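Participant: Quick check, what structure comes out for this input:
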Amino acid sequence: AAEAAVAAATADAQAATANAQVATTQLLVASTQLTSLREEIAEREAAGASAGAVAIAANEEASTAVAAATKAKEEKAVAVAAAAKAQEELAVAITAAAATAAVALSA
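Facilitator: Now for the predicted structure:
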């Protein structure tokens, strides 16, 4: 039973770590999109597009990119917290398994 608890806690920790990695990737994608957007705005301005049209389009696109980045940051925070909790549960399961083994050995 102790081995099963350790295995389950290990699986939970691995899943939480994977979720944190996905959230980090999403944050990097959002950051890349924002950088690309900034480059596109600069290109439009250099091409002589009207400042007003560029500003309106940039504002809409930047709002979307910022919202995506904010959501990715929130998801990463949740995933990191889940990974930390899973690691704590793994430590508890390992401690319990060690205690069970010690009792079994002393009997």
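
Participant: now this protein, which segments are flagged as low pLDDT?
Facilitator: Where the chain drops to pLDDT under 70, the residues are 49, 51.

Participant: where do the helices sit along this protein?
Facilitator: All helices of the chain, identified by DSSP state H, fall at 2-46, 51-106.

Participant: Including mean neighbour count, could these go into TSV?
Facilitator: C-beta here means a position set from N, CA and C on the backbone, and glycine is covered the same way. Listed next are the helices of the chain as TSV, based on neighbours: other Cβ atoms under 10 Å:
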stretch	mean neighbour count
helix 2-46	15
helix 51-106	14
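
Participant: For residue 47, give its distance to residue 41.
Facilitator: 11 Å (Cβ to Cβ, to the nearest Å).

Participant: make that residue 4, sorry
Facilitator: In terms of Cβ to Cβ, residue 4 sits 56 Å off from residue 41.
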